[in-house]
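Visitor: Sequence first, predicted model second:
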Amino acid sequence: MAISQARIIESMEQACSNPNPDEFIFSFLDAYGFPKSTITRLRKGDDSRNVASGDDIGLKKKLYFRSVPEGTDLNAEADSLKASEVVSRNDIRFVIVTDFKSLVAVDLKAEERLETTMDDLDKQYAFFLPLAGYEKAVMYSEHPADVKASEKMGRLFDLIRERNDLSKPEDIHALNVFLTRLLFCFYAEDTGIFAQGQMTSAIQSTTQEDGSDVDQFFSELFTVLNLEDDAPERKAMAAHFQEFPYVNGGLFEADEPIPEFGRKARRLLIDCGNMDWSEINPDIFGSMFQAVIDEEQRGDLGQHYTSVSNIMKVIQPLFLDKLYTELEKSRKNERKLKELLLRLQNLRIFDPACGSGNFLIIAYKELRKLEMEIIDALNTVSDQTEMYYSGIKLSQFHGIEIDDFAHEVAVLSLWLAEHQMNMAFKEKFGYAEASLPLKDSGHIVCGNALSLNWDNVCSPSDGKGNPFEVYICGNPPFLGHGTRSKEQISDMQTVLSHVKTYKLLDFVACWFWKGSLYVEKYNAELSLVGTSSICQGQQVDLLWTPILKKGIRLHFAHKSFSWSNNAKDKAAVHVVVVGLSAKAKEVNLYEKYKSDTIKKEVENISPYLLDGGNTVVSIRESQISGSPKMIFGNMPNEGGNLILTGEERAQLIGENPESAAWMKKLVGAKEFLQGGERWCLWLTGATKNDIDRFPSIRSRVDRVREKRLASKDAGTRKLAERPHEFRDLNNPDSFMIIPSVSSERRKYVPIGLFGSDVISTNLNLIIPGAGLYEFGILTSEMHNDWMRTVAGRLESRYRYSATLVYNTFPWPEINDQQRKTIEELAEEVLLVREDYPDKSLSKLYDPKEMPEPLREAHKALDRAVEKLYRDKPFRDATERLEHLFARYEKLIAEEKEKAPAKKTAKGSN
DNA sequence: CATCCGACAGATA
DNA sequence: TATCTGTCGGATG
């Protein structure tokens, strides 16, 4: 079992604070998971493992460590070591030189250098991760030209918007059409489809400087672009229009209104035209729509464009990486290179939610680039002067898109990409097939991916029984519950008919399921972007259990990362990329660390996207270990009328001091974690007369009734019958509070104990009657590790829940003495907290600010709780989880044995 | 009646 | 504008 990054960070923090020169290197090696036996031998001076001489430490293929007196030039020392015979003979990866004030390290493989002070070394722990088996993955970064062009077009759009009324959806659509056509023309005049600068110079020389006739110009231009070369209407046009070629019926066919331009907009238009558009990725089309579209349309289906770097996260591990590996293996072998060329022609790339075609375009271009490298290698290997042409056809690229306009753009963009790659081919080899006239285009179907038969869109074989090598990729739409239309829900029902509670899944799950059916049937491979919630919380069991049953496994995954693209307003969401295959041999897990993405080869990727087994926890109504029941706090659902600020409370009491008897302190997650005061009217037991005595309270209660009656939710409307009360009436004498949402930066979700003077809102979960023992277990690292794995998340925040986290947690079996120990240590945690009365729990549990005594108290408790599970301490979270999951499985099995008829809460069937 | 979630939402730096 | 961190109550079982 590999060492976890969390443990490395922790150990490095220790090793780097006040390093002991004699011990430092040993703590360092320990931190990165070197075997204890190796470290002990090195410490004893046993030189059978040490390849270095003197006081240096050298481990074959790993590192060479040297400590030097203060004042030594560390870089020079590292350089001389780097060039030394002992380092190259032993294939050393890292050279490390330090004077214990600063440290210089060189990664000889990645050719990177780290210079840092000793104090900051722990923050640089990622540099040495290859020592623990984590390799940095090389990722694609955004093209600056795209960003620049997108900004310019955004400004042009703003100017057009000032001048034109865009209140109606059809106006916006017309503008979208116009911008697409404009972009095509910019493209065309820089890439040889038009004459160089043909349109821009025509605008410059034939339109008024005040921009008043620019719309007329475009009207005529678009007409001529839609006329075949020998069409008689052409003759009637002005000479400078006649020079434009016939392009493509699709794009310029419809007669859409053209926006008016002003002086400024015309100048910006010419400015845009003078840019070099040949450098731009065709995927900019998608980017443009996203960046310039109307606010209200943002977030609509298909408008979420995927950045190139995120597309690469999907297609590199899916097929590009292995094809490149194949090329490297075959470089010297003419026959194998030719086979690889043929293999490329046998590929099928299929995006069942293709939008304006971003994934297909990037995939196409990347495959053409690879093909050029193969041809290059062939030219080097073979003596014959054979002319190799590109064999990759646009017809190998399949897509489904529900929006007709996006689908048109996708077809067009693919053709542009083909032209672009033909130019690149010609540049490299001096010859290429002509792009014109238009040949076959991508096979993009306009329709509903959830009702279409995918076999018909992307046929898995050539019809003569020869299978294609099919890869499914894309970024289908995410829609959580409450955000879906009736039609979409009915689509979900059709596709996810095997899941009873299919409505709990995200819309995107449809593509994963339908995709896995295709993968299973044709032994294809798939890689899709999904919202991170499909790998968290209640969805995990529903989606993945049936997929894993098919023998399909997650052959790579990018762990949850925050969504980002070049759009002005990017979607706020965390996403995952998951690859599915029944045949892949290598399993890789990718994780973002600051600006790097780290790749790690693992045995298996769990549906939680962890390096571990496939055990999945499903929601359950009852506690698996018989611990006390956890319930919700109290949902107010009253529009703020029963809730009082400190001032409002004072005012009410000022009006009538007796009203104070009906008030209680209100604690939501925010008050609990960050402090602050809120109060509520807790009128349970109050009669109509009681309430009428306080006019202010009476009017508040009346407003609650109105508010509830206005709700679209039937349950809420029914609540209007008792408008003086919260929806729930949980006010136990003593109880524990656990915030339902809290920051993921914390090692422990802060929890606390309260009495009946406090009302908890539904933003907390509560356990009535819970005491120190329950507090001790639930605040332990064991339980928090469990929570981190099985809990749902709000983006990346922890989302504690009773059915997923609490009810499923396997509690230890204990005797009275052990119980007492835990209670004492739990009390100690609470007592230490009291030493910081002016610090909120949020501050106390902030990893940067957590006071040392509190940390210590928790550590003592953690160790004691661990001991309840087994004597031998756990090495890290991975080991703790392994143990807990094994215990969970055992408990579930026992439960089934005892009561086979009584089913546990399982969503999938 | 109970409760998980939000291609988020609101406050703060 | 980026960063941080949890509201509110609907939709759903």
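Guide: On my side now, so go ahead. Numbering: from 1, shown residues only, chains lettered A, B, ... in the order given.
Visitor: Now do the buried residues in stretch A:446-459.
Guide: If you call a residue buried by 16 or more other Cβ atoms under 10 Å, then stretch A:446-459 has these buried ones: A:Cys446, A:Ala449, A:Leu450, A:Trp454, A:Val457, A:Cys458, A:Ser459. In short, each C-beta sits where N, CA and C put it, glycine included.
Visitor: so how far is A:Asp403 from the first one?
Guide: Distance of A:Cys446 to A:Asp403, given as Cβ to Cβ, to the nearest Å: 8 Å.
Visitor: for the third one, same thing?
Guide: Remark: distance between A:Leu450 and A:Asp403 (Cβ to Cβ) = 14 Å.
Visitor: what do you get for the second one?
Guide: Here A:Ala449 is placed at a distance of 12 Å from A:Asp403 (Cβ to Cβ).
Visitor: if you take the average position of chain A, which residue is closest to it?
Guide: A:Val575 (2.4 Å; Cα atoms, centre = their mean).
Visitor: Kindly state the beta-bridge partners for that residue.
Guide: A:Thr531, A:Phe561 (DSSP bridges).
Visitor: pretty sure it is touching A:Phe561, no?
Guide: Yes - counting by Cβ atoms under 8 Å, A:Val575 does reach A:Phe561; the two are 6.6 Å apart.
Visitor: circling back: please name the residues that touch the residue nearest to the centre of chain A.
Guide: The contact partners of A:Val575, by Cβ atoms under 8 Å, 6 or more residues apart in numbering, come to A:Asn310, A:Phe478, A:Val529, A:Gly530, A:Thr531, A:Ser532, A:Ser560, A:Phe561, A:Trp563.
Visitor: Same question for A:Phe128.
Guide: Neighbours of A:Phe128 in contact, by Cβ under 8 Å, 6+ apart: A:Tyr32, A:Phe94, A:Ala105.
Visitor: So which of these reach DNA strand C?
Guide: When contact is defined as Cβ under 7 Å from any atom of the strand, the contacts of A:Phe128 do not meet DNA strand C at all.
Visitor: Buried among those residues? Need that as a selection in PyMOL.
Guide: With 16+ other Cβ under 10 Å as the criterion, this PyMOL line picks the buried residues out of the contacts of A:Phe128:
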select buried, chain A and resi 32+94+105
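Visitor: and the longest helix along chain A, which residues are buried?
Guide: Looking across chain A with DSSP state H, the single longest helix is helix A:404-429. Neighbour counts using 16+ other Cβ under 10 Å place A:405-422, A:424-425, A:429 of helix A:404-429 among the buried residues.
Visitor: just stretch A:52-65 next, same as before
Guide: Those buried within stretch A:52-65 under the rule 16+ other Cβ under 10 Å are A:Ala52, A:Asp56, A:Ile57, A:Gly58, A:Leu59, A:Lys62, A:Leu63, A:Tyr64, A:Phe65.
Visitor: try stretch A:552-560
Guide: A:Ile552, A:Arg553, A:Leu554, A:His555, A:Phe556, A:Ala557, A:His558, A:Lys559, A:Ser560.
Visitor: what's the answer for stretch A:212-222, then?
Guide: A:Val214, A:Asp215, A:Phe217, A:Phe218, A:Leu221, A:Phe222.
Visitor: coming back round to it: closest one of the buried residues of stretch A:52-65 to A:Phe350?
Guide: The shortest gap between A:Phe350 and any of those belongs to A:Lys62, at 43.3 Å (Cβ to Cβ).
Visitor: list the contacts for that closest one?
Guide: A:Lys62 neighbours (Cβ under 8 Å, 6+ apart): A:Phe34, A:Ile92, A:Arg93, A:Phe94, A:Leu131.
Visitor: separation between it and DNA strand B?
Guide: Distance check for A:Lys62 against DNA strand B: by Cβ to the nearest atom of the strand, to the nearest Å, it reads 41 Å.
Visitor: Show the backbone phi and psi for A:Leu318.
Guide: phi -70, psi -50 (degrees, to the nearest 10).
Visitor: what residues are up against the closest residue to it other than its chain neighbours?
Guide: Nearest non-adjacent residue to A:Leu318, counting by Cβ to Cβ, 6 or more residues apart in numbering: A:Ser527, 4.0 Å away. Residues in contact with A:Ser527 (Cβ under 8 Å, 6+ apart) are A:Val314, A:Ile315, A:Pro317, A:Leu318, A:Tyr471, A:Ile472, A:Cys473, A:Phe556, A:Val577, A:Val578, A:Gly579, A:Leu580.
Visitor: Including pLDDT and secondary structure, could those go into JSON lines?
Guide: Formatted as JSON lines, the contacts of A:Ser527 follow (pLDDT from 0 to 100; DSSP: H, G, I helix; E, B strand; the rest coil):
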{"residue": "A:Val314", "pLDDT": "96", "secondary structure": "helix"}
{"residue": "A:Ile315", "pLDDT": "97", "secondary structure": "helix"}
{"residue": "A:Pro317", "pLDDT": "97", "secondary structure": "helix"}
{"residue": "A:Leu318", "pLDDT": "98", "secondary structure": "helix"}
{"residue": "A:Tyr471", "pLDDT": "98", "secondary structure": "strand"}
{"residue": "A:Ile472", "pLDDT": "98", "secondary structure": "strand"}
{"residue": "A:Cys473", "pLDDT": "98", "secondary structure": "strand"}
{"residue": "A:Phe556", "pLDDT": "97", "secondary structure": "strand"}
{"residue": "A:Val577", "pLDDT": "96", "secondary structure": "strand"}
{"residue": "A:Val578", "pLDDT": "97", "secondary structure": "strand"}
{"residue": "A:Gly579", "pLDDT": "97", "secondary structure": "strand"}
{"residue": "A:Leu580", "pLDDT": "98", "secondary structure": "strand"}
